[in-house]
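Novice: One predicted model, sequence on top.
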Amino acid sequence: MTATDISHRKKFFALGNVYLPHIVVIEKIIEETPGVRTFHFNFKDKKLGKEFSFESGQFGQYSVFGIGEAPFCISSSPTRRDHLEFTAQRVGRVTNALHRLGAGAELGFRGPYGNSFPLDFLKSKNLVFVGGGIGLAPLRSLIWNVIDNRNKYKKIDIIYGARSPADLCFKYDLDAWGKDKTVNMVTTVDKGDDTWKGKVGVVPKILEEVAPSAREAVAIVCGPPIMIRFTFPVLEKLGFTPKQMLTTLEKRMKCGIGKCGRCNIGNIYVCRDGPVFSYAQIKNFVSSEY
Amino acid sequence: MEQKLRQEAKALLEQGKVDWIIGFEPGSLKFTTTPLITKDKNDADRLVINPFIVNNLADFLPEIKGRVGIVAKGCDSRSIVSLIQDNKVVREDVVILAVPCPGIIDLSKVERLVGKDRDELDDVTREGDKVIIKVNGKKKEFPVTEVLFDHCLACELPTPQEYDILLGEPRPPAPNLEVSGKDIENLKGLTPEQRWEFWGNELSRCIRCYACRNVCPACYCQRCFVEETEPQWVMPVPRWQDNLLFQIVRNIHVAGRCTDCGECERVCPVNIPLRSLTREMYDMVDELFHFKAGMDKEALPLMTHYEQEEAEDFFR
Amino acid sequence: MANKKVNKKDIAKLLNQWRQQFTVLAPSKENGVAQMAEWDGKDTSFLDWYRNTVIPPKASFLPPMEEMFRFQKDKEGYHIELPPTNEHKQLIFGIRPCDARAMTILDMTFEEAYQDPYYLSRRKNAVLVGLGCTNPCESCFCTSMGVSPTESTNVDLMLTDIGDQFLIEVVTDKGKELIAKASGLKEATKDDEAKAKETKETSYNKITRKLDTEGIVDKLQASFDDEGFWEQTAAKCISCGICTLLCPTCYCFDINDELVRGEGTRFRSWDSCGFPVYTKMPMENPRLEKWRRVRQKVCHKFEFYPMTFNVIACTGCGRCIRLCPVNWDITQVLESVPVKTGVRK
């Protein structure tokens, strides 16, 4: 494997200093769960905003100036472009600072970086989305993308779970997809409460119950590492080959462009060669480190 | 001594009295040794004791699971005792193989003495109070005190007090104990402003490799304050102000646990005279609290108790 | 262009000519550690003591810390300002062939895909004047890494000791310009060339540490999951950053912000895969165990870099061996990688 050709990704921000962020403005903040917020934002420079393009699965480096930068996938769909979105869980230095910000605050943005979900490969296939917790963020960009081009794809299954009903992210999307007759939406929680009427059980178990067919299908998986680790074997049992399983990886990143070194596992840089990988690509090489 | 060590180490592993042996084996460069950490009794034959066993092997103890037989010089044994005091090591889990230590040769001093790098020397041997250095086929003789580490010249405990197996005849403390290094004496003669400038210059070289911290048995924190991000106490960039802050805080954190083993200064790749800081702290701890780290395993750790007569003017 | 020569005692004169146009960096111990530092216009005593620097010359291109940009906020929002560009030209005098090759290896990463403006602008403006090793260190193993201690491959001009003089090989166009701007150089004679050849041979043979890298990529690949091997290999490592930060081919860096009274700065600084925090994410750390970090370091240089760029990211400079607090020796480690059949796909 040689260095990934990224020429197709260099059209935007190709010139000048790749490390300089552009200023974006937070337009709206949605509290998904007590620790997770979705930020709607737009470029401060309207012209730049118009030129900007990205694909589902790509990520950006977001600066809270004075605190630092952190990578988040763009969680909105490229088919819906009046604004961009990213979703962040409050877990570290940068995300804590992000959660202190309100609408109107300015952030730095560099990107889009990384590869994207292979739309050509997904075309005319049955799609099985398997998500856990905040892991739905990159999937939802693709899900809306697919729904907005519905006739290009066949059956859509979405199996999404969280620890508890309160931990479910993007409830408005879950509702919308639940109402969509062309989508089979299954929501589950590890532990229900008095009002919960949906399924109870961890995502891999529910996936096994739902048992989507592997025929002409691709599974797209994203969630906490533990969920991913238990989901792949279930998919294999259902007949999915490693090439039919896609995931997006999350690693500590600083530069986002394959230089600073920390997202290197095996001979791949998650930021440059990913974040989207097929299970076939990662299963041998990165065994215990994905 | 070496033969005895090998026999004892082999026996300890064979009899299942320890799971691990930590000692020294010959290194890959001239006049070096390297830590040997093994479970294999056959490796015991590689163990050595010579004037170049520089490392303080106590550094490895907290991270190793199981019972350990460990080779310890006097200073290393103090670190082990200090770790026991701090509940980082269980006494029953360690078998201390005590080396009565006549001092370790500081190759940097040898280099300065003969004007050659260590790999250009033919031989460096110790004979009693003399060191014989062979360069370009010629022998040069010096008093051994000229090539021993500064901390060895100030050694208070050449032979471990706390041990299980003594590998040789006990040795007396170093004769001129008051020596804490010329550098420190010189620094004491400077004004605070001059000292500030001195340390600013020295610390400007620091590259934040953290070898000083990682080699230090007293620095066993799982999470070091320099790596904390909330709040971020120190910027993780090698700028002299931040480097100095790192060293000052590290020094305060090891007060009462630093045994003056000198490892921090030895390993510094950019030659920062770190012992001038740690030794000064060591002396201050002694003066203010009459406490010497790792001398008595029954003593309470310095920072966990307070006595009425302790110098209160410290809290001015 | 034919080779030139210069008297050793005229080196200061030569450097002073170049100093008109370049910031000349030369080996120095002035600041307490051997490194490439701005030359003072006089002192050439380094010709006597210099074997190699402790701080690798990469520091002149990827400094231990640098400002990426500044930022501040006013009524209209945030403004970003670049630091003054480093247009002044550096001439590195005396770089060793191992370190020069390391620069070529670093170029691959910083040029690949996205261009790194900070590194590349310094690199583009710099010239490298190499100085062949005649007294290599015991820890050097450059010849095993495809580098000769006197080779001229990765520099603009190459100097080789021929007694009272240096033979000067003109390697690149930049080198040609340097020569054109220097007066007092003589043409090298056949005799000089012969002497240089002899120096080169003698120097080559002085490197005694050997490392067989035949099939190393496959070997490491096959042993990637051999936890026992890596645990044993890592046992005495203390997880400090010496071998990586001071490696001439290691390039990992960190990025951090600082805000002081409304004035912000984004810094980039050296970082090391040996540090546990390097890969630490708030919820998990994929390389918390020491052996994983040691494996990463070894495999990045000897497996992943060759897979990506077809070159091993090690030039045999030996710094990691000489400077290691516990004498962790990369050559011994690589020799001990178990030979396994059935390479993983």
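Specialist: Cool, got the structure. Because the structure is predicted, anything quoted here is derived from the model rather than measured.
Novice: Going by C-alpha atoms from here, please, whenever you check contacts or count neighbours.
Specialist: Will do.
Novice: so where do the strands sit in the stretch 51-200 of chain A?
Specialist: In the stretch 51-200 of chain A, the segments counted as strands under DSSP state E, counting those that start in this stretch are A:59-64, A:68-73, A:84-89, A:106-113, A:126-132, A:156-162, A:183-189, A:199-200.
Novice: Next, report how far the fourth one is displaced from the centre of its chain.
Specialist: Think strand A:106-113. With Cα atoms, centre = their mean, to the nearest Å as the basis, strand A:106-113 stands 16 Å off its chain's centre.
Novice: and chain B, which of the strands of the stretch 51-200 of chain A is closest to it?
Specialist: strand A:68-73 (10.6 Å; Cα to the nearest Cα).
Novice: ok, the closest one near chain C or not?
Specialist: Yes - Strand A:68-73 comes into contact with chain C (Cα under 8 Å from any Cα of the partner chain), by way of A:G68, A:E69.
Novice: near chain B at all, that strand?
Specialist: No - against chain B, strand A:68-73 shows no contacts by Cα under 8 Å from any Cα, the least distance being 10.6 Å.
Novice: Out of the strands of the stretch 51-200 of chain A, the one nearest B:A211 is which?
Specialist: B:A211 lies closest to strand A:68-73 among the strands of the stretch 51-200 of chain A, at 26.3 Å (Cα to Cα).
Novice: Remind me what that closest one packs against, helices and strands.
Specialist: When contacts are defined as 3 or more Cα pairs under 8 Å, 6 or more residues apart in numbering or on different chains; DSSP states H and E, strand A:68-73 sits against strand A:59-64, strand A:84-89, helix A:93-99, strand C:253-260.
Novice: From the contact counts, what lies against the third one?
Specialist: Taking 3+ Cα pairs under 8 Å, 6+ apart as contact, the helices and strands that helix A:93-99 lies on are strand A:59-64, strand A:68-73.
Novice: can you count the residues close to B:M235?
Specialist: 20 (other Cα atoms under 10 Å in any protein chain shown).
Novice: Would you list the phi and psi of it?
Specialist: Main-chain torsions, B:M235, degrees, to the nearest 10: phi -70, psi 130.
Novice: Does it touch B:D242 like I think?
Specialist: Yes - between B:M235 and B:D242 a contact is recorded at 6.1 Å, counting by Cα atoms under 8 Å.
Novice: Pick the most deeply packed of the helices and strands packed on strand A:68-73.
Specialist: strand A:59-64 (a mean of 23; mean count of other Cα atoms under 10 Å in any protein chain shown).
Novice: Mind putting the strands of the stretch 51-200 of chain A into JSON lines with mean pLDDT?
Specialist: Listed next are those as JSON lines, based on pLDDT from 0 to 100:
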{"stretch": "strand A:59-64", "mean pLDDT": "96"}
{"stretch": "strand A:68-73", "mean pLDDT": "95"}
{"stretch": "strand A:84-89", "mean pLDDT": "96"}
{"stretch": "strand A:106-113", "mean pLDDT": "95"}
{"stretch": "strand A:126-132", "mean pLDDT": "96"}
{"stretch": "strand A:156-162", "mean pLDDT": "96"}
{"stretch": "strand A:183-189", "mean pLDDT": "95"}
{"stretch": "strand A:199-200", "mean pLDDT": "94"}
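Novice: where's whichever residue of chain B sits closest to chain C, which helix or strand?
Specialist: Closest contact between chain B and chain C, by Cα to the nearest Cα, is at B:C209 (4.2 Å). Following DSSP states H and E, there is no helix or strand that holds B:C209.
Novice: Isn't it up against C:L246?
Specialist: No - using Cα under 8 Å, B:C209 is not in contact with C:L246; the gap is 9.0 Å.
Novice: ok, back up a step: find the nearest non-adjacent residue to the residue of chain B closest to chain C, please.
Specialist: With Cα to Cα, 6 or more residues apart in numbering or on different chains as the criterion, B:C209 has its nearest non-adjacent residue at 4.2 Å, and that residue is C:G241.
Novice: Quick check, that neighbour in contact with B:C212.
Specialist: No - assessed by Cα under 8 Å, C:G241 is found out of contact with B:C212, at 10.4 Å.
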